[in-house]
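**Student:** what would the 3D arrangement of this be:
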Amino acid sequence: MRIGMIGLGKMGGNMRERLRRAGHHVVGYDLDEDLRDVGSLEELLEAIDNDGLRVVWVMVPHGKPTRSTVEDLAELLTEGDLVIEGGNSKYTDDLELDALLAPKGIGYLDCGVSGGIWGLENGYGLMVGGRAEDVDKAMPIFDALRPEGPREEGFVHAGEVGAGHYAKMVHNGIEYGLMHAYAEGYELLAAKEIVKDVHGCFQAWSRGTVVRSWLLDLAVKALEEIPDLDGVSEYTTDSGEGRWTLEEGIDMAVPMPVLAAALFARFASRQENSPAMQMVAALRGQFGGHAVQMLDGLDAGQVEVHQAAEPKRDEDRARVDQGGTSAAQEQGADDAGPSSGSGSTGGSTGPTSGTGDVDDRG
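**Tutor:** Numbering: from 1, shown residues only. Have a look, this model is predicted:
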């Protein structure tokens, strides 16, 4: 089958190669002259005619690049042709792109693709949205890209236009949570002095345990290549799909605390000094006279202690007149420590999900 592939980066380039290995004739176009087979979209379309059917796979960054590419194709393709959008577009964008192509009789499929750089050899997990007749036209392509074995264990026609990218969005949200669970386990093992072989623990989990997975295998590989992750920055970006998944959870009233914690941990990883935790530290210094570590002009081990600000006398007097306790009485209770069931009023920090000393990433 003749196929046009637009976007020949890490994913698109490997997908072109896998399709070629399966016997398909793939013509690639990219802005990079060193990667492309033809110099224009017009040349690409001339080279991929399949007795009246032209299939173009779009594999460019989501957002404006994808929209611009599909808009160009809408002017060049004709009735009966098919566009497959295989990037990480938001599912709502798929609805708009389909609305652009459908009046011209041009088919549109959205395909969520998972497998990363390993997909060339192992195959790609494919989640497709669109009309059944368009899926049937493209099935030889999907069968070549998916992993070997039963079709249903690497491919799904998830539903209508948008369903493929929606499924991929949720897939990536799950990925966030899984990665951060492994990350928290790694940090705890590394922090405990009695544990001498953290890498060995992860490797031992790779067979026979309930937490074995491909992500765990990759964690083992990472620890082999970079022992103790020495020199690896905690700074972690996000592709946007975790945010979209969480937004959908809010819109659909579906609780997603695991994803929320993993996503917010990535945000925390980008902060050199958290304003929120600076406020917590400052407040503890104000209400309890607790030590506040200062950043500017002090040695690493020095701390500066600020005394608690006294409340206004009229506020203090009013509280006593109303049968309450004065600030001095409350301060005495605070100094005495927590009573049964009250929780610590001393502001003990303890670990929070994914924060580490400064930042974290899942």
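**Student:** and the host helix or strand of residue 112, what other elements does it pack with?
**Tutor:** Secondary structure from DSSP states H and E places residue 112 in strand 107-114. Counting contacts by 3 or more CB pairs under 8 Å, 6 or more residues apart in numbering; DSSP states H and E, strand 107-114 is packed against strand 82-85, helix 91-101, strand 125-129, helix 132-145, helix 163-191. Bear in mind the C-beta positions are built from the backbone N, C-alpha and C, glycine included.
**Student:** walk me through the domains of the protein.
**Tutor:** 2-161, 169-269, 275-336 (automatic domain parsing).
**Student:** and those, which is most packed in?
**Tutor:** Each of the domains of the chain was scored by mean neighbour count; the highest is domain 2-161, a mean of 18, by mean count of other CB atoms under 10 Å.
**Student:** mean confidence for it?
**Tutor:** Average pLDDT, domain 2-161: 97.
**Student:** alpha carbons of the helix or strand just after the strand holding residue 112, as CSV, please.
**Tutor:** Sequence order places helix 119-122 as the next helix or strand after strand 107-114, per DSSP H and E. What follows is helix 119-122, C-alpha atoms only, in CSV (Å, rounded to 0.1, in the frame of the first residue of the first chain):
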residue,chain,number,x,y,z
GLY,A,119,8.0,0.8,18.7
LEU,A,120,10.2,0.2,15.6
GLU,A,121,11.2,-3.2,16.9
ASN,A,122,8.3,-4.0,19.3
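**Student:** can you tell me what sits against helix 119-122?
**Tutor:** Residues outside helix 119-122 that contact it (CB atoms under 8 Å, 6 or more residues apart in numbering): 11, 14, 15, 17, 18, 113, 115, 145, 147.
**Student:** can you give me the strands in the protein?
**Tutor:** Taking DSSP state E as the criterion, the chain carries its strands at 2-6, 25-29, 55-58, 82-85, 107-114, 125-129, 155-159, 291-292, 304-305.
**Student:** between the second one and helix 132-145, how big is the angle?
**Tutor:** When axes from the mean of the first three to the mean of the last three CA atoms, to 10 degrees is applied, the directions of strand 25-29 and helix 132-145 differ by 90 degrees.
**Student:** what is strand 25-29 packed up against?
**Tutor:** Using 3+ CB pairs under 8 Å, 6+ apart: strand 25-29 touches strand 2-6, helix 10-21, helix 41-46.
**Student:** so can I have JSON lines of the ones you listed showing distance to residue 89?
**Tutor:** Below are those laid out as JSON lines (distance: least, CB to CB, whole Å):
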{"stretch": "strand 2-6", "distance to residue 89": "14"}
{"stretch": "helix 10-21", "distance to residue 89": "14"}
{"stretch": "helix 41-46", "distance to residue 89": "19"}
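**Student:** for residue 88, find the nearest of those.
**Tutor:** Residue 88 lies closest to helix 10-21 among the helices and strands packed on strand 25-29, at 9.7 Å (CB to CB).
**Student:** low-scoring stretches of the stretch 201-350 of the chain, by residue?
**Tutor:** When residues are selected by pLDDT under 70, those of the stretch 201-350 of the chain lie in 297-350.
**Student:** those helices in it, which residues are they?
**Tutor:** 214-225, 241-251, 257-269, 275-288, 313-321, 327-336 (DSSP state H, counting those that start in this stretch).
**Student:** now those as a markdown table including distance to residue 182?
**Tutor:** What follows is those, written out as a markdown table (distance: least, CB to CB, whole Å):
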| stretch | distance to residue 182 |
| --- | --- |
| helix 214-225 | 5 |
| helix 241-251 | 16 |
| helix 257-269 | 11 |
| helix 275-288 | 24 |
| helix 313-321 | 49 |
| helix 327-336 | 39 |
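**Student:** mind checking these for the one nearest to residue 97?
**Tutor:** Once the helices of the stretch 201-350 of the chain are compared by CB to CB, helix 241-251 is nearest, at 16.5 Å.
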